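Colleague: Need a 3D model of the following:
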Amino acid sequence: MISKDNPPLLNGLVLAGGKSRRMGHNKGRINWHGKQQRFFAADLLKPFCENVFISYRHDALEGVAAGYNALADTFLGMGPLGGILSALRSDREKAWLVVACDLPLLDRDTLRFLIADRLPAKVATAYESPLDGLPEPLIAIWEPKSYPVLLHFLGEGITCPRKVLINADTHLVKPRNPDALLNVNTPDDAATAREIMQRTAGNPLPKKQQE
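Modeller: Next up, the predicted model:
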């Protein structure tokens, strides 16, 4: 019986398969912390997970650094949902701690708090958005039981992970550090992230951070 004291082990997944149209260049390759963000995010996940993978579209597997595992989408043309489904299909026994590659303020304390509040009997455990109170699907733990749930919604034509979490048995967690959930999708978002980093660390960041 699955319980909080006997949860499925965690794998980690960094979603890096997007086309970054609004940003104008690949978000996963932006260097916020001394290395490309996709690799930095994978490093954040490693202490909490059995294995960590970086999710890519099947046609975008180039540039994977040594020491990092790539996982190509097997559900094609579905955006983040395709990456999540592909991960769950690849290992049906594990839960998946999923984070997007456009969360430069994400830190280990934010991951640790989410894991500590995890309810493995639920379909998923996700942070509640500080903006609208809705689930944040791209910093969430998707339990093994979420796979058939996602397939059901896919059969209904729903490919938005957030809509799945809204309509499924999801455990929501209020973030202790709302800034850590900031998605950087545009140059304006990137400017906001830089301002927060400068304010919290007192160290100015270079204006150009893309490798």
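
Colleague: contacts, neighbours, all on C-alpha from now
Modeller: Noted.

Colleague: Quick one: residues contacting the closest residue to residue 135 other than its chain neighbours.
Modeller: Leaving aside its sequence neighbours, residue 135 sits nearest to residue 128 (CA to CA, 6 or more residues apart in numbering; 4.7 Å). By CA atoms under 8 Å, 6 or more residues apart in numbering, the contact set of residue 128 is 134, 135, 136, 172, 173, 174, 175.

Colleague: Tell me which of these fall in strands.
Modeller: Those of those mapping onto strands are 135, 136, 172, 173, per DSSP state E.

Colleague: so which of the residues you listed is the most crowded?
Modeller: If you count neighbours using other CA atoms under 10 Å, the busiest of the ones in strands among the contacts of residue 128 is residue 135, which has 25 neighbours.

Colleague: ok, now how distant is that residue from residue 158?
Modeller: Per CA to CA, to the nearest Å, residue 135 is found 16 Å from residue 158.

Colleague: Which residue is the nearest non-sequential neighbour of residue 139?
Modeller: Residue 139 sits nearest to residue 99 (CA to CA, 6+ apart), 4.4 Å away.

Colleague: let me fix that: residue 50
Modeller: Per CA to CA, 6+ apart, closest to residue 50 is residue 11, 5.4 Å.

Colleague: circling back: what's the helix or strand containing the residue nearest to residue 139 packed up against?
Modeller: Per DSSP states H and E, residue 99 falls inside strand 95-100. Where contact means 3 or more CA pairs under 8 Å, 6 or more residues apart in numbering; DSSP states H and E, strand 95-100 is packed against strand 10-15, helix 80-90, strand 135-142.

Colleague: average pLDDT across that strand?
Modeller: Strand 95-100 carries an average pLDDT of 97.

Colleague: Can you list the strands that it pairs with?
Modeller: Partner strands for strand 95-100, per DSSP bridges, with pairing direction: strand 10-15 (parallel), strand 135-142 (antiparallel).
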